[in-house]
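Colleague: requesting a structural model of the entry that follows:
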Amino acid sequence: MTARRPSARPRRPRTRKRRPRQSDQLFGLAIGGLVVFALLSALVSWLSANPWVLALLGAVVVVAVACWAHHHRQRLRRERTRRQGLRYVLPQLDALHHRDFEYAVRDLMRRDGCTDARQIGGAGDNGADVLATDPMGRTWVIQCKHRRAGDQGSAVGTPDLQRVNGCARQLYGADVVLVVTNGRFSTRCPPLAEQLRMHLADRRTLAAWAGGEQPLWELLPKVPAPRKGR
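Modeller: Got it, this is the predicted structure:
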């Protein structure tokens with residue numbers, strides 16, 4: 001005898017999930033719009049019956065804006081005073097971490113009127129540590145070389161000059177390419193800097209700049225002329 005196969009169970013018809021129709025969505029949006037309109041109308045009616053609320057809100061806004069403007073002016077005044085009075089002596093600069101030395105150079109450039117001066121040193125900086133635009137419109141690209149031992153430390157060499165010179169004008173459109181150090185440069189650096197149209201600020205120049213009132217461009221020789229229109 002052959003075994004009988006179990007009869008197949010009848011398949012249940014699949015129920016399809018009802019998708020919201022476009023008309024239902026539009027109806028929902030219409031209801032929502034009517035509710036919002038009703039609330040706004042009620043609010044306008046209430047404010048019309050209570051005009052003192054608008055006057056109070058206006059007074060609060062005026063006072064808040066005045067307070068913000070006052071504190072903003074005070075902050076700018078304090079920042080301007082701090083920058084104008086910013087001074088460093090060499091022992092202070094020697095004691096800094098190399099990254100803090102970059103920030104100190106940035107702050108000195110800001111003190112002298114380079115309001116957009118910023119520190120960009122770090123991985124992938126292409127040899128530039130500080131970027132700034134002076135009041136005459138010249139773009140400065142500055143590489144900072146810090147020596148913990150000051151001029152007793154290792155001298156800044158020509159590879160450092162070549163590194164920043166290779167990218168300063170091509171990437172940043174530099175008018176002035178500068179290497180500044182609290183230490184010293186090797187004897188081969190000044191001739192190469194002149195050949196590459198770069199500028200060097202050694203420990204003596206740095207001391208005069210950081211501790212005095214003259215901007216850096218007044219202490220360096222042969223700085224390019226101001227950009228036209230400045």
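
Colleague: residue 215 reaches residue 113, doesn't it?
Modeller: Yes. At 6.9 Å, residue 215 counts as touching residue 113 under the criterion of C-beta atoms under 8 Å. Backbone N, C-alpha and C define where each C-beta goes, glycine included.

Colleague: need the overlap of contacts for those two.
Modeller: Residues touching both residue 215 and residue 113 (C-beta atoms under 8 Å, 6 or more residues apart in numbering): residue 134.

Colleague: now do the helices in this structure.
Modeller: In the chain, the helices defined using DSSP state H lie at 22-49, 51-84, 90-94, 98-111, 158-172, 189-195, 203-211.

Colleague: which strands and helices sit next to the last one?
Modeller: It stands for helix 203-211. helix 90-94, helix 98-111, strand 176-181 (3 or more C-beta pairs under 8 Å, 6 or more residues apart in numbering; DSSP states H and E).

Colleague: hey, which of these is tucked in deepest?
Modeller: Most buried of the helices and strands packed on helix 203-211, by mean neighbour count (mean count of other C-beta atoms under 10 Å): strand 176-181, with a mean of 24.

Colleague: and the direction of it versus that of helix 203-211, what angle?
Modeller: With axes from the mean of the first three to the mean of the last three C-alpha atoms, to 10 degrees applied, the angle from strand 176-181 to helix 203-211 works out at 100 degrees.

Colleague: tilt between strand 176-181 and helix 158-172?
Modeller: Taking the same axes, to 10 degrees, one finds that strand 176-181 is oriented at 140 degrees with respect to helix 158-172.

Colleague: neighbouring contacts of strand 176-181?
Modeller: When contacts are defined by C-beta under 8 Å, 6+ apart, strand 176-181 is touched by residues 105, 138-147, 156, 160-161, 164-165, 168-169, 185, 189, 193, 196-203, 205-206, 216-217, 220, 223-224.

Colleague: mind giving me the domain split of the protein?
Modeller: 28-83, 90-218 (automatic domain parsing).

Colleague: need the ones you listed in CSV with mean pLDDT, can you?
Modeller: Formatted as CSV, the domains of the chain follow (pLDDT from 0 to 100):
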stretch, mean pLDDT
domain 28-83, 77
domain 90-218, 93
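
Colleague: save these as CSV, and put in distance to residue 22 too.
Modeller: Converted to CSV, the domains of the chain look like this (distance: least, C-beta to C-beta, whole Å):
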stretch, distance to residue 22
domain 28-83, 11
domain 90-218, 52
